[in-house]
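# fold the stuff below for me.
(3 chains)
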Amino acid sequence: MSIKYTKDHEWVTVEDDIATVGVSVYAQEQLGDVVFVEVPEVGRTLDKGDELAVVESVKAASEVYAPIGGEVLEVNNDLEDNPSQVNEDAQGSGWFAKVKISDASELDDLMDEAAYKEYTEGLA
Amino acid sequence: MRYMPHTAEERAEMLKKIGVSSVDELFVDIPEEARLNDLLDLPTHAPEMVVEKKMQAYGLKNLSPAEVPSFLGAGAYRHHVPTVVDHLVQRSEFLTAYTPYQPEISQGTLQALFEFQTQVAMITGMDVANASMYDGATACAEAVLMSCRATRRKKAILSGNLHPHYREVTETTVQYTEFKVNSKSPVVEGPEDFSEELDQEIACVVVQNPDFFGRLQDLAELAEKCHEVGALLVVVVTEVVSLGAIKSPGEMGADIVVGEGQSIGVPLSYGGPYVGLFATKQKYVRQMPGRLCGETVDQEGKRGYVLTLSTREQHIRREKATSNICTNAGLCSLAFSIHMSLLGETGFKKLAMLNHGEAVAASEKIDAIEGVRVVNETFFNEFTVELPVKAEQAVERLAERNILGGIPVSRLLPEHAEFDNLLLVTVTETNTEEEVDQLVDALKEIANA
Amino acid sequence: MLNNVGRPTRPDAANHDDLLMEETFTGNKALNLETPLIFEQGVKGRIGVDMAEPRAIKNRLGGLEKSEDIGLPDLSEPQVLRHYVRLSRQNYSIDAGFYPLGSCTMKHNPRINEKSARMKGLGDIHPLQPVSTVQGALELIDDLAHWLKTITGMPAVAMSPAAGAHGELCGVMAIKAAHDAKGENRSIILVPESAHGTNPATAALCGYKVQSVPARKDGRMDIEAFEAALSPEVAGVMLTNPNTCGLFENEIKKIAELIHRVGGYFYCDGANLNAILGRTRPGDLGVDAMHINLHKTFSTPHGGGGPGSGPVVLSEALAPFAPVPYVVKSDEGYSLQENVTGSAGKSFGRMKTFHGQMGMFIRAMAYMLSHGSDGLRQIAEDAVLNANYVRVGLNDLLHSPFDGICMHEALFDDSTLKNTGVTTLDIAKAMIDEGYHPMTMYFPLVVHGAMLIEPTESETKETLDLFIGSMRHLIEKAQKGNDPDFFTQAPKYSPRRRLDETAAARKPVLRWSKENAA
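Residues are numbered from 1 along each chain as shown, chains lettered A, B, ... in the order given. So this is what the prediction gives:
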């Protein structure tokens, strides 16, 4: 399945029933140099919209919300030593967490690539 | 008025430039009925000479511990502060600078903070320290809040031998949060036992060393027990000079060390401003309250310092901040740092052993008085004395003889009538042998009256 | 030489390498003198304090004798003195130059204040001496309290809070305790979106949910939105007045009336009291609690970030909940109420180890005596005059987001810098090269690229004219747009150029250590 986005600039990709979550390239540009990412605990169960992570730049801290509910299976511990991956490869090696999806229909109201592009252009 | 430069002509010229006809027009947003037309009912301005006399008059009504034999402690200690310390903290560039928000023109304050953080981490045996807190008690309260955040637990245990004011400030600070503190009863003799309360729900145990009664204890076993159930050990130090003589809390397994830094470099000043110390392990850095100074480089690759990790703080996180604190004890932490630099390793340890030696000698003389007993087996420079009379009365009678002979335990623990005869006595390097003898003679009279 | 996080280990060029592009061998430039960390100096066995030899005694340390090295360096007195003198010279200060840092009230710090704080019987007394031996100290605290109550028109004051944010905590705790005493469990504190960050942080620490109230187009709180947000769940409102945009909340009496009507309390952040001294009293405006920053309004030195002092004036409704200890005056003299018992039975507790920031009380007292009622009023008038003078001196080049007269500080946004490639930050850094401490930038958050300029009453017209001239020069240069490097490369003449804050936060190095020093 392809990538989907939220209005809060999280992205999600799905493989079987596992969702990988991060923040968009657009979001990292807005944040500036990311200095720290507080990832969730493995094993925590999140509802859609719950705080999933906090991403910090030098002058700002932003909450990242779960684009989909489920149990956190794995987190990207590399971010602890290399938070710059969020800037360099936000939608690749800068992923935050993998979540076991509890209700796939929650994906339905997310934006696809084209819709998100249009959405971000509208923000400028 | 000497502090305000404008002449009447200048004011008129400036008002004209602004486009108003009188200064009153600058205050039109104040609701009419709340505007003050007359001067406040207070004296009018005064020449410096008059102010100086008035201020001196306040001071002359007090009995200065610098002038008489004085043996006061219980969280504030009289030590000799080298002249250089006060000279340096009065330099304009330290005294009249703001928080170092523009690091390019604040490297003096920033490097001094970085050195302060290092010194505090070293003496407490911890990895990192912050740029200071208001005082020891507020640092203690912040340590409890931080322990709860770090462990995601909600209960803290406070030792009964924690300074009663530290206990009160901690209870006050957490009372409206989701966290709870369980304060134990004081134990003057014998060990304090936490085994009943300590379980998987406890975020931290807070103990003081030397404790409120002056006693020293090895905390290694308690640290182990805390760690077994996933709780943190918070160690409070109210007399920081003791760290030059005894094992650091870090060596004994503490996770957070907080304390009062007043003893090093800061005058007694009737209770403030003082300097709260806060140190912890590297892994808890992002949970720490207060300001932090960190090392970096400038555009040209030169080493420099900045305030860092500020995303924890109130001006960014607002209601999600680790604490609402927005200042540190700036100048007091500088005074601490300068005094500590003057002492160095050699001087700090020597000062500690000098204090201990004087206190041991004095305790032996006091213990030899008939009817008087030194309660402590162990202590650093402060110990508890049991008198045959109420300590509060004894202190008043000593004051009549111009001796500040100690602090009655009942002043801080009035609800414990069983402590009414206990007196806290502190002896530091500032006390002469003659002063100790004066105290001993007076106590003899009072004890046997 | 680089340390293990890849940064230079020394500020000087004694260890030459490619990173340090120094023009001199030492790294010093005439009067601009570097000093290594204190830990990189010293030789074991030196000492900066002479003292008697410790007695030979049988120790009572209970087996806890220290055996390990602490790691502190040993230095002589002149070495230490030189180190800190060199450090001091890398700081900007109000004594050295104009410091128009908005919201911080960087005014002259009179030296009689410093002298007083060190007087015999004031600077050297112990907080737990018998009360009979500190009557002068208690009298001073009581006199200062009288001045603060008179200036604010409030019936009571809690003296112990250590700083502004600590004062806020005191005020909001009193509000919480007052509701609790009535058996009411309210959950919300209203805070305008332009508030200091300490306001929401404080409310959260007292268990309140924070609800933000938007601002109106004229920079004041939106009173309709405020009214709509009111309910029996609202415990109080925290409002700064004059507010963080440098404007007086002209509907403040209505705000007080509305919050009281739903049974809530009015907390006023008194950070900007300087603007209204002797011109109006918070007590006449319906305020229930307000902290006073002695380190702003009453000139106790900022000391590079503290110590502060934040007494809180309280209304009759909140006074019974004030923290201990406090001074009680009677025919027999002064005494201290130190415990939550008797007349203090409703007190919400204790906030500080001892009585408060006595050293700051002494300084503030000397300051108030020096000014008197006439001088205090003159402070407000000249502070507001100076701010408006700067405002009209710049408002053809910089845009004021809110029209009209300001109080003690002038606020501009960055709209006239749009498309110049120069930001508020760049202007601030260029001001450093011109010999100024920059204004407050990017605060309040509600104004884009905010520049908040607070000149205070201490400054001469000549200083303001030169400042206006320098600002005009910089802004015109930026607007020409032909030399953005001039700004992005600033400051050029400070002891350090722009510092890498990202590197500092990504790999925090918060202390010196042998291992780190490589």
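# ok, stretch C:497-507 near chain A or not?
Yes: applying CB under 8 Å from any CB of the partner chain, one finds that stretch C:497-507 is in contact with chain A at C:Glu501, C:Thr502, C:Ala505, C:Arg506. Any C-beta I mention is one placed from the backbone N, CA and C, and that applies to glycine too.
# tell me the contacts of B:Met340?
B:Gln119, B:Ile123, B:Ile264, B:Gly265, B:Phe348, C:Leu72 (CB atoms under 8 Å, 6 or more residues apart in numbering or on different chains).
# A helix includes it, no?
Yes: counting by DSSP: H, G, I helix; E, B strand; the rest coil, B:Met340 is part of a helix.
# in the stretch 51-200 of chain B, which spans are helices?
For the stretch 51-200 of chain B, the helices defined by DSSP state H, counting those that start in this stretch cover B:83-89, B:92-95, B:107-124, B:136-151, B:164-174.
# my bad, should have said the stretch 251-400 of chain C
Counting by DSSP H, counting those that start in this stretch, the helices of the stretch 251-400 of chain C are C:252-261, C:358-394.
# who's in contact with the helix or strand just after the longest one?
Put plainly, it is helix C:358-394. Per DSSP states H and E, the first helix or strand lying C-terminal to helix C:358-394 is strand C:410-412. The contact list for strand C:410-412 (CB under 8 Å, 6+ apart) reads C:102, C:219, C:245-246, C:387-388, C:390-391, C:394-395, C:398-402, C:444, C:447, C:450-454.
# change it to 6 Å
Contacts to strand C:410-412, defined as CB atoms under 6 Å, 6 or more residues apart in numbering or on different chains, come from residues C:Cys245, C:Gly246, C:Ala387, C:Val390, C:Arg391, C:Leu398, C:Ser400, C:Met451, C:Leu452, C:Ile453.
# where does chain A come near chain B, residue by residue?
Within chain A, the positions near chain B by CB under 6 Å from any CB of the partner chain are A:Glu56, A:Ala61.
# all helices for the stretch 301-449 of chain B, in order.
Counting by DSSP H, counting those that start in this stretch, the segments of the stretch 301-449 of chain B that form helices are B:314-317, B:330-367, B:391-400, B:409-412, B:433-447.
# likewise chain A?
A:25-31, A:78-81, A:85-88, A:113-123 (DSSP state H).
# okay, those helices in JSON lines with mean neighbour count and mean pLDDT next?
Formatted as JSON lines, these follow (neighbours: other CB atoms under 10 Å in any protein chain shown; pLDDT from 0 to 100):
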{"stretch": "helix A:25-31", "mean neighbour count": "19", "mean pLDDT": "89"}
{"stretch": "helix A:78-81", "mean neighbour count": "14", "mean pLDDT": "88"}
{"stretch": "helix A:85-88", "mean neighbour count": "19", "mean pLDDT": "93"}
{"stretch": "helix A:113-123", "mean neighbour count": "12", "mean pLDDT": "88"}
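# so where's the chain shaky on pLDDT?
Went with chain A since none was named. Along chain A, segments meeting pLDDT under 70 span A:1, A:124.
# that was the other one, I meant chain B.
B:312-323, B:326-327.
# indicate the residue of it located nearest to chain A.
Residue of chain B nearest chain A, by CB to the nearest CB: B:Thr311 (4.2 Å).
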